[in-house]
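# I'll drop the sequence and a predicted model, then ask my questions.
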Amino acid sequence: MSARAARTRTRTRTPTTPTRGHRLGRLVRQRVTPPGLMLALTFATGVVDAVGYLRLDQVFAGNMTGNVVILGMAASGGTDLPVLGPAVALVSFLAGAAAAGRVLRTAAPGWSRRCTGLLGGVSLALAATALALSVIGADTSGTRAWMASSLALAMGTQAATARHLAVKDVTTVVVTSTLTGLAADSRLGAARPQGALRRVAAVTLIVLGAVTGAVLCQVHGGLAVAAAALVVLTVTALGHAAAATTGSTTCAPSTSATPSSSSTAPSTAPSTAPTRP
């Protein structure tokens, strides 16, 4: 009986003071939110699109509407607009989005390890493109089209991952629908101000990203893409950490409930055990 009581006391013993890891996890959960992460990716898209337009033959890596319009105007003839770059970027964007959609097809809602892997791949693709721009350069149309293709592949993957995370009004690659919602729900429209701050932040950050990309392009295009890669890598690390701490806290109640149920077992044991003569 003494051994059984000792095991019961061991099961019911719980830590009374939070550890440094618990405090760090609580801080991450409080400060790192899905909207904040997606807004940071929106900034990175602004940087990447600035590089594509200014250094890679007026190609948009994230905003496919721009590429479709450029291809449409180029099809009319006599416009001297690029065709190869926007076409390759469009196909690569679709390929990246399709691949990410396949990976996330059976994933649970919210951030998962698959999201971490996909966005980690985006940061690696951006870093590789930045290195290629620095080492190889973009002096020929073929090279520029290849660089644009790599950036668009990364942006397609990012957009599909953001779509899975489903943060309202933040697609990370375009702001047309965001601007539509901002105007339609304003006081001049339907007078529904919910989400206005997030929408304004998304538009502001993609503009700031474009400004940052244009400034860094004056130094080197590879530097701008490297900055975008760093932003995506940071988002990936923070998102993974926040999801991990949330998962550990959601599992905590189930482990703490186990001792309470097991602690009641010894109280019923003496009633069923035979009494010694």
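Perfect, thanks for sending it.
# going forward, measure contacts between C-alpha atoms and count neighbours the same way
Noted.
# what comes into contact with the helix or strand where V215 lies?
Element membership for V215 (DSSP states H and E) is helix 196-219. Residues from elsewhere that reach helix 196-219 (C-alpha atoms under 8 Å, 6 or more residues apart in numbering): 35, 39-40, 42-51, 54-55, 169-170, 172, 175, 178-179, 181-182, 186, 223-225.
# Can I get the buried part of these as one ChimeraX selection?
Buried residues within the contacts of helix 196-219, by 16 or more other C-alpha atoms under 10 Å, are selected in ChimeraX with:
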select :35,39,40,42,43,44,45,46,47,48,49,50,51,54,55,169,170,172,175,178,179,181,182,223,224,225
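# which ones among the contacts of helix 196-219 are found in helices?
Counting by DSSP state H, those place 35, 39-40, 42-51, 54-55, 178-179, 181-182, 223-225 in helices.
# rewinding a little: for the helix holding V215, which residues meet the burial criterion?
196, 198-199, 201-217.
# Next: stretch 219-235.
220-235.
# export stretch 56-71 as PDB, just CAs?
Extracted in PDB, the C-alpha atoms of stretch 56-71 (Å, rounded to 0.1, in the frame of the first residue of the first chain):
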ATOM      1  CA  LEU A  56      13.800  41.700 -64.400                       C
ATOM      2  CA  ASP A  57      12.000  43.200 -67.400                       C
ATOM      3  CA  GLN A  58       8.900  44.600 -65.700                       C
ATOM      4  CA  VAL A  59       7.800  41.300 -64.300                       C
ATOM      5  CA  PHE A  60       5.600  40.900 -61.300                       C
ATOM      6  CA  ALA A  61       6.500  37.900 -59.200                       C
ATOM      7  CA  GLY A  62       3.600  38.200 -56.800                       C
ATOM      8  CA  ASN A  63       0.900  40.300 -58.600                       C
ATOM      9  CA  MET A  64      -0.200  38.000 -61.400                       C
ATOM     10  CA  THR A  65      -2.900  40.500 -62.500                       C
ATOM     11  CA  GLY A  66      -0.100  42.800 -63.700                       C
ATOM     12  CA  ASN A  67       1.500  40.000 -65.700                       C
ATOM     13  CA  VAL A  68      -1.800  39.000 -67.300                       C
ATOM     14  CA  VAL A  69      -2.500  42.600 -68.400                       C
ATOM     15  CA  ILE A  70       1.100  43.000 -69.700                       C
ATOM     16  CA  LEU A  71       0.700  39.800 -71.800                       C
END
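# Could you list the low-confidence segments of the stretch 151-277 of the chain?
Scanning the stretch 151-277 of the chain for pLDDT under 70 picks out 247-277.
# rerun at 80
246-277 (pLDDT under 80).
# residue ranges for the helices of this protein, please.
Listed in chain order, the helices of the chain (DSSP H) span residues 2-12, 20-31, 34-55, 64-75, 84-103, 113-135, 141-165, 176-184, 196-219, 221-263, 265-272.
# where are the low-confidence patches of the stretch 1-150 of the chain?
In the stretch 1-150 of the chain (pLDDT under 80), the answer is 1-31, 78.
# Mind doing that once more with 50?
The stretch 1-150 of the chain contains no residues with pLDDT under 50.
# The helices of the chain: which one's closest to A190?
helix 176-184 (6.0 Å; C-alpha to C-alpha).
# so what secondary structure elements neighbour the closest one?
Contacts defined by 3 or more C-alpha pairs under 8 Å, 6 or more residues apart in numbering; DSSP states H and E place helix 176-184 against helix 196-219.
# Identify the residues contacting S149.
Going by C-alpha under 8 Å, 6+ apart, S149 touches A61, G85, V88, A89, S92, F93.
# In JSON lines, list the helices of the chain along with distance to A190.
JSON lines is the format used below for the helices of the chain (distance: least, C-alpha to C-alpha, whole Å):
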{"stretch": "helix 2-12", "distance to A190": "56"}
{"stretch": "helix 20-31", "distance to A190": "32"}
{"stretch": "helix 34-55", "distance to A190": "23"}
{"stretch": "helix 64-75", "distance to A190": "27"}
{"stretch": "helix 84-103", "distance to A190": "33"}
{"stretch": "helix 113-135", "distance to A190": "35"}
{"stretch": "helix 141-165", "distance to A190": "26"}
{"stretch": "helix 176-184", "distance to A190": "6"}
{"stretch": "helix 196-219", "distance to A190": "12"}
{"stretch": "helix 221-263", "distance to A190": "34"}
{"stretch": "helix 265-272", "distance to A190": "60"}
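# Alright, calling it a day.
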